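Student: 3D model of this:
(one chain, ligands or ions: 1)
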Amino acid sequence: MRRLGAQRAPRWIGKYPGNVDMIGLMLQEAKTGYVGDHLTKATNDIGSAFGINILGDFQMFTTNPEIVKIILATNFPGYEKGRRFKFNMRSVLGDGIFNSDGDIWKFHRSMARPFFSRERISDFELFGRHADAAISKLAARLSEGEAVDFQDLVSRFTLDSATEFLFGSCVHSLSNGLPYAHISPRYNSNAPSADTDAFATAFNNALLTIITRGRIGLLWPLGEIFKDKTADDMKVIRAFIKPIVQQAIAQKKENAKLESSSNTEHASGKDEVAEGETMLSHLVKSTEDEKILMDETLNMLIAGRDTTAALLTFIIYCLSRHPAVLQRLRQEILMHLGATRSPTPTDIREMRYLRAVINETLRLFPSVPFDVRRTIKATTWPSDVPGEKPYYVPAGISVSYSAFIMQRSEKYWGPDALEFDPDRFLDERVSKYITPNPYIFLPFNAGPRICIGQQFAYNEISFFLIRLLQSFDQIELATDAQPLDSRPPAEWKQKTGRAAIEQFVPQTHLTMYAKGGLWVRMKTASAIEDV
Ligand code: HEM
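Tutor: The predicted structure is shown next:
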C-alpha cells in the first residue's frame with residue numbers, strides 16, 4: 001500500500017463475525033428483495049468504492065464509472081475472470097468464451113468475430129421469419145381472450161433465432177404451444193413440456209445454481225459435497241445440444257468424403273469463414289472434440305438468448321407503463337415503414353426514438369446487472385474524495401461492479417435518474433451527462449471484452465419491436481394472470497427507489513429476468529394506418 005502511495009479503502013462492516021450477515025442479505029434479496037438493494041444501500045452509505053471481508057475472503061465493489069473504465073479498458077491486462085469465477089461456473093460454462101482468460105479467450109474471441117460481421121448480423125430474413133412466427137402465435141392466443149407470458153414468447157423467439165444463427169438449424173421452440181395463465185380454464189399444470197421447454201427450464205435452473213454459488217462465496221462446495229447441483233440440469237442441456245454437435249461433425253466428415261472423391265479442394269481454409277457457414281460448422285473445422293464444441297455453443301446461446309429476451313421483456317414492461325412513449329414510438333415506426341413493410345438496416349439506423357427507447361430500457365434494466373473480475377497484481381483505484389490518496393486494491397481479489405446501480409445513480413444521471421424517459425438519450429442531457437462521461441452507460445460492457453453480439457442484439461430487438469408495434473397499439477400488464485408468487489411484495493411500497501413503483505419482480509442469475517414471466521394483454525391496431 002505504501003509503495004503504491006495508496007490508502008485503505010472504506011469497508012462494509014456487518015453485525016456478525018466474518019460479516020456473514022452479507023451472505024444472508026444477498027440470499028434474502030435473491031428471494032424477496034429488489035435487485036441490488038443491499039449494494040445500493042452500501043454504496044449510498046459508504047461511497048462508490050469499498051471493500052468487504054466475508055469470512056476472511058476480501059473483495060471490493062464499485063459503481064464508479066472512472067474505476068469501471070480502469071477495470072475494463074485502461075488497465076484491462078491487470079484484471080481477469082480468474083480462477084474463482086471459473087470454479088463457480090465451470091460445471092455449466094465449461095471452458096467457453098465467458099469462462100476463459102488469456103490465450104484461450106483470445107482464441108474464442110477470434111473464432112467468433114467473423115460471425116458478427118456487418119453482413120451476418122444484418123440477416124433480417126432470419127429475424128423476419130422468427131419474428132413473424134412469434135407475433136402470429138401471440139395474436140392467435142390473444143384472440144382467444146387469453147393473456148400471454150411475453151417473456152416466454154420472446155425467449156422462444158431468441159432461442160430459435162440464436163440456434164439458427166449459430167447452428168444453421170433452428171430448434172423450433174415457437175412451434176410448441178404457449179403456456180396458459182393459471183387463471184385460464186385451459187391451464188393445465190401437468191401438461192407435458194416439449195423438449196425445448198425442458199431445455200429452457202434446465203438452462204434457467206443451472207444458471208440460478210451457479211449464481212447462488214457466487215452469492216454463498218467460498219463455502220458453496222460444502223453444500224455440494226455429495227452432488228453437483230447443476231448435474232441434472234446439465235444432463236438435459238447436453239442431451240439437447242449433443243445431437244446438434246454430432247450432426248455437425250458427421251456433416252464435416254461427409255463433406256470431406258465428397259471432396260476427396262471428387263478431388264476438390266476445401267472451399268475455405270481452417271481460419272476463413274466460407275459462404276453460408278454457421279459458427280458451429282466453422283468451429284468443427286478446427287476441432288471434433290465434442291466437449292469444446294458444446295462449451296462454445298452453449299456459451300454463445302447463454303450470451304445471445306436470455307440477454308436479448310430479457311431486454312425485449314423489459315421494453316414491453318416499460319411501454320405498458322408509459323402509453324405516451326408507446327404511441328410516439330408507433331408514430332415513428334408508421335412514418336418510416338407504414339403498417340406492413342419490413343425494416344432494412346438503414347431504416348433501423350434512422351429510427352432515433354426507437355434506439356432511445358431501447359437504450360433507456362437498457363439503462364434502467366441492464367440484462368447483465370452485475371459483473372466480476374479478479375485482480376492479477378496489487379493496484380489502486382481513485383478515491384471518492386478528489387486530491388486524496390487512491391484506494392489500495394490487493395492482488396488476487398474479486399472486484400465486482402454494477403451497471404445496474406451506476407445507471408440508476410442520480411450522481412451520474414441527474415435528479416430524474418429513476419424515471420423512464422427515452423428523451424434523455426436525445427435531448428440536452430446527452431451532452432450534460434453521457435458525452436463527458438460515457439462509462440456511465442455500460443449495458444454491453446466496454447474494452448476488449450465488450451459484448452461481441454451488441455449490434456446483432458440491437459438489430460434483432462429493433463426488428464422484433466417494429467413488427468410487433470405495426471400490429472398492436474396498446475399493451476397492458478395482465479396482473480391478474482401473473483403467478484401469485486411473482487407479484488411485487490406489498491412491503492416494496494415502503495421502499496425507496498424504483499421498488500415502490502415496480503409492477504413486476506426483476507430477478508437475476510447471470511442475467512436479469514422477470515420472475516414468473518411478464519403476463520400481458522395487447523390490442524390489435526384497428527386500421528392499417530400508413531402515416
Ligand atoms: C441485450 C442484449 C445483450 C446484452 C445486454 C449483452 C451484454 C453483454 C455483457 C455485459 C457482456 C460482458 C460479460 C463479461 O465480460 O463478463 C457480454 C459479453 C458477450 N456477449 Fe453479449 N449481450 C447481449 C446480447 C448478445 C448476443 C445476441 C450475443 C451473441 C449472439 C452476445 C454474445 C456475447 C459474447 C460472446 C460475450 C463474451 C465476450 C467476451 O468475453 O469476449 N451477446 N454481453
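
Student: isn't Pro77 right up against Arg373?
Tutor: No: proximity of Pro77 to Arg373 does not meet the contact threshold set by CB atoms under 8 Å, at 11.5 Å. Any C-beta I mention is one placed from the backbone N, CA and C, and that applies to glycine too.

Student: which one of these two is surrounded by more residues?
Tutor: Relative neighbour count places Arg373 above the other of Pro77 and Arg373, with 21 against 9, counting by other CB atoms under 10 Å.

Student: OK, contacts around the more buried one?
Tutor: When contacts are counted by CB atoms under 8 Å, 6 or more residues apart in numbering, Arg373 is found next to Ile71, Tyr79, Glu80, Lys81, Gly82, Ser398, Val399, Tyr401.

Student: what is the neighbour count of the fourth one?
Tutor: The reference is to Lys81. 20.

Student: how about the closest residue to it other than its chain neighbours, what does it touch?
Tutor: Closest residue in space to Lys81, ignoring its immediate chain neighbours: Asp101 at 5.4 Å, by CB to CB, 6 or more residues apart in numbering. Neighbour list for Asp101: Glu80, Lys81, Gly82 [criterion: CB under 8 Å, 6+ apart].

Student: next: Tyr392.
Tutor: Counted by CB under 8 Å, 6+ apart, Tyr392 has contacts Met1, Leu4, Ala6, Gln7, Arg8, Ala9, Ala378, Thr380.

Student: who wins for most neighbours among these?
Tutor: Counting by other CB under 10 Å, top hit in the contacts of Tyr392: Ala9 with 23 neighbours.

Student: make sure it is indeed in a helix.
Tutor: No: counting by DSSP: H, G, I helix; E, B strand; the rest coil, Ala9 is not found in a helix; it is coil.

Student: give me the phi and psi for it.
Tutor: The phi/psi pair for Ala9 (degrees, to the nearest 10) reads phi -70, psi 150.

Student: pLDDT score for it?
Tutor: Per-residue confidence at Ala9 stands at 97 (pLDDT).

Student: surely it meets Gly51?
Tutor: Yes: with contact defined as CB under 8 Å, Ala9 reaches Gly51; the gap is 4.7 Å.

Student: need the overlap of contacts for the two.
Tutor: By CB under 8 Å, 6+ apart, the residues touching both Ala9 and Gly51 are Met60.

Student: apart from its neighbours in sequence, what residue is nearest the residue in the stretch 251-400 of the chain positioned nearest to the ligand?
Tutor: For the stretch 251-400 of the chain, the residue closest to the ligand is Gly304, as judged by CB to the nearest ligand atom, at 2.9 Å. With CB to CB, 6+ apart as the criterion, Gly304 has its nearest non-adjacent residue at 4.3 Å, and that residue is Ala162.

Student: give the contact list for the one you found.
Tutor: Contacts of Ala162 (CB under 8 Å, 6+ apart): Met300, Leu301, Gly304, Arg305, Thr308.

Student: just the residues you listed now: which is nearest Gln246?
Tutor: Leu301 (16.7 Å; CB to CB).

Student: tell me the SS of that closest one?
Tutor: Leu301 ends up helix, using three-state DSSP.

Student: separation between the residue nearest to it when sequence neighbours are not counted and the ligand?
Tutor: Of all residues not flanking Leu301 in the chain, Ala162 sits nearest, at 5.8 Å (CB to CB, 6+ apart). Relative to the ligand, Ala162 is positioned 6 Å away (CB to the nearest ligand atom, to the nearest Å).

Student: host element of Ala162?
Tutor: Here Ala162 sits within helix 150-167, counting by DSSP states H and E.

Student: buried stuff in the helix or strand following that helix?
Tutor: Of the helices and strands lying after helix 150-167 in sequence (DSSP H and E), the nearest is helix 195-216. Across helix 195-216, burial judged by 16 or more other CB atoms under 10 Å covers 196-200, 202-203, 205-214, 216.

Student: so what does the helix or strand hosting Lys411 touch, helix or strand wise?
Tutor: Assigned by DSSP H and E, Lys411 belongs to helix 410-413. Applying 3 or more CB pairs under 8 Å, 6 or more residues apart in numbering; DSSP states H and E, one finds that helix 410-413 contacts no other helix or strand.
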